[in-house]
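Enquirer: Sequence and predicted model, in that order:
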There are 2 protein chains.
Amino acid sequence: MKGLLIVVSGPSGTGKGTVCDVLLKETKNLAYSISATTRQPRAGEVDGKNYYFLTKDAFEEKIRENAFLEYANVYGNYYGTPLGHIEDRRNRGEDILLEIDTQGALNIMERCPDGVFIFLIPPSLQELERRIRGRGTESQDSLEKRLSSAEQEIRIGKKYQYVVVNDDISNAVHQIQAILLAEHCRNEKEYKIEEVLKK
Amino acid sequence: MKGLLIVVSGPSGTGKGTVCDVLLKETKNLAYSISATTRQPRAGEVDGKNYYFLTKDAFEEKIRENAFLEYANVYGNYYGTPLGHIEDRRNRGEDILLEIDTQGALNIMERCPDGVFIFLIPPSLQELERRIRGRGTESQDSLEKRLSSAEQEIRIGKKYQYVVVNDDISNAVHQIQAILLAEHCRNEKEYKIEEVLKK
């Protein structure tokens, strides 16, 4: 059976990185999608494991070939999600996890209607503010911009199939694991029926 | 939030009764739907708990009022699933579990498109035969009829949203619980988003 594409998104500060890391560690047959980038590898980063490292020309060639599910240019470096890589692994039966920002996820919804789209939200706007402040990396001005865009972004969550409140990491992970299991029961129904009728 | 209507069905001999009993015991906020019937109460049966016991006239009046999600006449007694009762309890936030045969479930799909329809199948036709034989209640002739109708019934499972293989009771219960949790994450997405934006 083809594996699932699980797209986890949400406004920044919701904790989707941490939730995805724990989810990956505690879930069988689930692996991160590997992104392509034109930025230089950092010490210890391995091509084909952390990223696919591409030259700018090679990346732009792939853009023209429509080979990315989505891509973005961040401060002069390209980052993209290679569709072929995801499809190959799904066809081998792996579930692929993609953690991505809200806009990236909306682009993927159009290209991959068979994906499972999960939107992670903070328990409250106050809690989101507390978490972003806690990082200590934002000026007051940028904090206010982030919070006001977070409100907009949270509304976009209605376009996703599932909304999970990240009030507690293990609780959020448990809910996403339940969604994965349910989606397998949904996705494999015809296959399971044919298998039983053969035996 | 309105509770879910969970409809569990499958060919006879699949073990749906046992799975539903364990599911109910191990799941919070889940209760059986209570059927109406015109048969006489047995010793210890309580009206409004085991069944709603109705006279034939009262039952037929409710049929005319379209008050049943589905009903059947079995050996001269009516059995039916009262829609109002289910809606009242769902509106109070309870999840309602309905264990029903394949034909009954198909009727409910038309009346309750917001229901969650789960089809339970045996791990193999041989295992189904073994389970039905194990009951020791069937003649060879009736056993063969049952098995051939089971094959037909299993194919109907493709119309359900979810298929769960009952190879092991706790495994099947675990999968149905995951489906419930996922359906809550799907069903309550707008509500959760509005709640977070208020805080």
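Expert: All right, it came through fine.
Enquirer: element containing residue A:181, please.
Expert: helix A:169-187 (DSSP states H and E).
Enquirer: so what's the residue nearest the centre of chain A up against?
Expert: Residue closest to the average C-alpha location in chain A (C-alpha atoms, centre = their mean): residue A:99, at 2.1 Å. By C-beta atoms under 8 Å, 6 or more residues apart in numbering or on different chains, the contact list for residue A:99 reads A:8, A:9, A:16, A:17, A:20, A:32. No exception for glycine: its C-beta is placed from N, CA and C like everyone else's.
Enquirer: mind checking how far it is from residue A:156?
Expert: 16 Å (C-beta to C-beta, to the nearest Å).
Enquirer: before we move on, what about residue A:108?
Expert: Taken as C-beta to C-beta, the span from residue A:108 to residue A:156 is 13 Å.
Enquirer: Which of these two has more residues huddled nearby?
Expert: residue A:108 (22 against 17; other C-beta atoms under 10 Å in any protein chain shown).
Enquirer: helix, strand or coil for residue A:120?
Expert: With DSSP: H, G, I helix; E, B strand; the rest coil as the basis, residue A:120 sits in strand.
Enquirer: Surely it is in contact with residue A:18?
Expert: No: with contact defined as C-beta atoms under 8 Å, residue A:120 does not count as touching residue A:18 (10.2 Å).
Enquirer: Those two: who's more crowded?
Expert: Higher neighbour count among residue A:120 and residue A:18: residue A:120, with 24 against 13, using other C-beta under 10 Å.
Enquirer: Leaving out the residues flanking it, which one is nearest to that one?
Expert: For residue A:120, ignoring the flanking residues on the chain, the nearest one in space by C-beta to C-beta, 6 or more residues apart in numbering or on different chains is residue A:10 at 3.6 Å.
Enquirer: Contacts only, for that neighbour.
Expert: By C-beta under 8 Å, 6+ apart, the neighbours of residue A:10 are A:16, A:102, A:119, A:120, A:121, A:153, A:157, A:166.
Enquirer: Residue A:178 too?
Expert: By C-beta under 8 Å, 6+ apart, residue A:178 lies in contact with B:177, B:178, B:179, B:181, B:182, B:185.
Enquirer: Serialize those residues to CSV and add fields for distance to residue A:67 and pLDDT.
Expert: Supplementary listing: these in CSV, determined by distance: C-beta to C-beta, whole Å; pLDDT from 0 to 100:
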residue, distance to residue A:67, pLDDT
B:177, 40, 98
B:178, 34, 98
B:179, 35, 98
B:181, 36, 97
B:182, 32, 98
B:185, 32, 96
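Enquirer: so which pair among the residues you listed is furthest apart in space?
Expert: Across those, the longest distance by C-beta to C-beta is 13.0 Å; it joins B:177 and B:185.
Enquirer: out of these two, which sits in the busier spot?
Expert: Using other C-beta under 10 Å as the criterion, residue B:177 and residue B:185 rank with residue B:185 on top: 23 against 18.
Enquirer: Could you measure from that one over to chain A?
Expert: Going from residue B:185 to chain A by C-beta to the nearest C-beta, to the nearest Å gives 4 Å.
Enquirer: if you skip the residues just before and after it, what's nearest to that residue?
Expert: residue A:162 (4.3 Å).
Enquirer: How many residues are close by the one you found?
Expert: 25.
Enquirer: can you redo the contacts of residue A:10 as TSV with pLDDT?
Expert: Below are these laid out as TSV (pLDDT from 0 to 100):
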residue	pLDDT
A:16	92
A:102	88
A:119	97
A:120	96
A:121	95
A:153	89
A:157	93
A:166	96
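Enquirer: tell me the contacts of the nearest residue to residue A:146 once chain neighbours are set aside?
Expert: Using C-beta to C-beta, 6+ apart and skipping residues adjacent in sequence, the residue nearest residue A:146 is residue A:132, 5.9 Å away. Applying C-beta under 8 Å, 6+ apart to residue A:132 gives the contacts A:12, A:13, A:138, A:143, A:146, A:147.
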